[in-house]
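Q: Need coordinates for the following:
(chains A and B)
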Amino acid sequence: MVSTFTSLHLSMDPAMSAALAALATVLLIALLLVSELVSTMEGRRGLFGRYLNVAILPLLVAFGVTVVLRIADALKG
Amino acid sequence: MKDDQAQSPRSTPIMRELRVSSPATSVAPAPSLTPPADLPDQERTVQLEAHLTLFIVAGLHLLAIGLAEAAVVWVDARLGLALYGVILFVLMVEAAFDREARFGRLCLGLTLLPLLRIVSLAIPLNRLDPLAWQLLVGAALFLAVAAAVHYLSLQPWQIGLRFELAPFGIAFIGLPLGLAEYYFLQPTPLLDAPTIAQLAVAPLVLILCTGFLEELIYRGVLLRVGREVLGARTAVVYVALLAAAMQLGWGSWQHMLWYFSVSLFFGWLVLKTGEIYTVSLTRGFTNVVFLIIAPLWLSGWL
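A: Residues are numbered from 1 along each chain as shown, chains lettered A, B, ... in the order given. Sure, this is the predicted structure:
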C-alpha cells in the first residue's frame, strides 16, 4: 500500500530520472514565475498566488535534492 | 443518495462533530444529496442538477488523475509528469477561482496527488538509499500537506489527528494484509542485505512516510474536503478510487481491486472513529511486511 513509489520507480534508468528531475525543475520555475506575477494582486488572484505555495514548497525540496546530487557527481569527477 | 449515515439517530457524536465546519472557514456543512421534500419541484430540480454537476466534475478530476498515472506507467513517465503539471495548475486555478467554495476546497486537496507523483518522480530513487529517499519525499510532501491544511483552515481534529476512541488493535490486521500484498506483487526487496541499524530504522520510516503521510493525504485531507462536496459515503468511495488509481504503477489489476477494497474499509473506519492513527498504523504495518519482512523471509535472510 505504497503510493509514493511503485515498481516503475524501482526499475527506472538514470537517464529517465535525470529527465524527470529537469522537468520538475521547469515546473518549479513556471510556478515561481506565476507566483511572482500574481503576488501583488488582491482578491482571488492573490489567493491563487498563495495556493501556489502548496506546490512550490515540495518542489523546492526536490530541486534541492537534485542540486545536491549534481554537486556530489561533480565532486566525484 | 442520501447522506443518511450522518443524519441517522444512530450516528456517533464524532460523526456529527466531523460534519461541522471549522469556525475559521466560511464553508457550509456537508450537503444532503437529496433536496428536502418540501422544496418546490423547480428548486429541487435545480439543486439536483447542481449536485449532479459537482459529481460529474469530481469524476472528471478522478479520470484526469487516472489518465496521468496511466501515462506515467504505460506511455512515458515524462509525458505523465507533464500531464500532472498541467493538472496541478488547473486544480490550483479552480481552487482559487471556483465560485462554489466547497468544490474549490476539494480541488486544493486534490493538488496533493499530482504533487505526490511529481515529487516522487523528481527525486531519483536509484541514486539514493531507499530509506533516505522515503524521508526526503516524505519531508517534501509533509510540507505540501501542512500548506494545504493551512490554506483550507482545517483544524487537526478535522483531519483525524485525535487519539480518542482509537482502536489500535485493528492495526495488526496490517500483518496479513502485508502478506496478501506481497503475494500479489512480489516486489524486489527494499533492503537487499540490511544492517541491524537499517532493520531498526526502516519500519519507523515506512510507518511515518508511507503509513501516516499517505493516510493523512487520503483519509485526512481528501476525505475531509471530499465529504463537504460529495457527502460522507460517496467521499469514501471517491477517495478509495483516487487511492487505487495511484497504485497503477504496480501493474496489477488484482492488487488495485484489493487495494480499493482495503481503502473502502479504511474510509469507513475513519468515519466511525474520527481518527487516522489506526489506519496509518495498519498501512505502516502492511508496508513493513510487504517491503521488508516478507521479501527477506522468503529469500532466507531472516
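
Q: and the nearest residue to B:Val57 once chain neighbours are set aside, what is it in contact with?
A: Nearest residue to B:Val57 in three dimensions, chain neighbours excluded: B:Phe103, at 7.1 Å (CB to CB, 6 or more residues apart in numbering or on different chains). The C-beta positions use only the backbone N, C-alpha and C, and glycine is treated the same way. By CB atoms under 8 Å, 6 or more residues apart in numbering or on different chains, the contact list for B:Phe103 reads B:54, B:57-58, B:94, B:229.

Q: now swap in B:Leu79 and tell me
A: With CB under 8 Å, 6+ apart, B:Leu79 has these contacts: B:71-72.

Q: Measure how buried residue 77 is and give me the count.
A: If you meant another chain, say so; for now it's chain A. 4 (other CB atoms under 10 Å in any protein chain shown).

Q: my bad, chain B
A: Residues within reach of B:Ala77, counting by other CB under 10 Å, total 21.

Q: does any bit of stretch B:253-271 sit next to chain A?
A: Yes. Contact of stretch B:253-271 with chain A (CB under 8 Å from any CB of the partner chain) involves B:259, B:262.

Q: for that stretch, which positions count as buried?
A: In terms of neighbour count (16 or more other CB atoms under 10 Å in any protein chain shown), stretch B:253-271 has its buried residues at B:255-256, B:258-260, B:262-271.

Q: Return the residues of the stretch 201-302 of chain B in contact with chain A.
A: With CB under 8 Å from any CB as the criterion, the stretch 201-302 of chain B meets chain A at residues B:209-210, B:213-214, B:243, B:246-251, B:259, B:262, B:283, B:286-287, B:290-291.

Q: Show me just the buried residues among these.
A: By neighbour count, with 16+ other CB under 10 Å, those hold B:209-210, B:213-214, B:243, B:246-250, B:259, B:262, B:283, B:286-287, B:290-291 as buried.

Q: Show me the residues you listed that map onto helices.
A: Residues of these located in helices (DSSP state H): B:213-214, B:243, B:259, B:262, B:283, B:286-287.

Q: which one among the residues you listed gets closest to A:Leu52?
A: Nearest to A:Leu52 among these: B:Leu213, at 21.6 Å, using CB to CB.

Q: What pLDDT does the model give that closest one?
A: Note on B:Leu213: pLDDT of 97.

Q: for it, what are its contacts?
A: A:4, B:138, B:141-142, B:145.

Q: roughly how far apart are the residue of chain B most remote from its centre and chain A?
A: Distance from the C-alpha centroid of chain B, by CA atoms, centre = their mean, peaks at B:Pro40 (38.1 Å). Distance from B:Pro40 to chain A, counting by CB to the nearest CB, to the nearest Å: 33 Å.

Q: distance of that residue from B:Gln47?
A: 11 Å (CB to CB, to the nearest Å).

Q: tell me the contacts of the spatially most central residue of chain B?
A: Chain B has B:Tyr218 as the residue nearest its centroid, 1.6 Å off, counting by CA atoms, centre = their mean. Counting by CB under 8 Å, 6+ apart, B:Tyr218 makes contact with B:239, B:242-243, B:263, B:266.

Q: got it, and B:Val72?
A: B:Val72 is in contact with A:8, B:79-81, B:84, B:117, B:121, B:248-249, counting by CB under 8 Å, 6+ apart.
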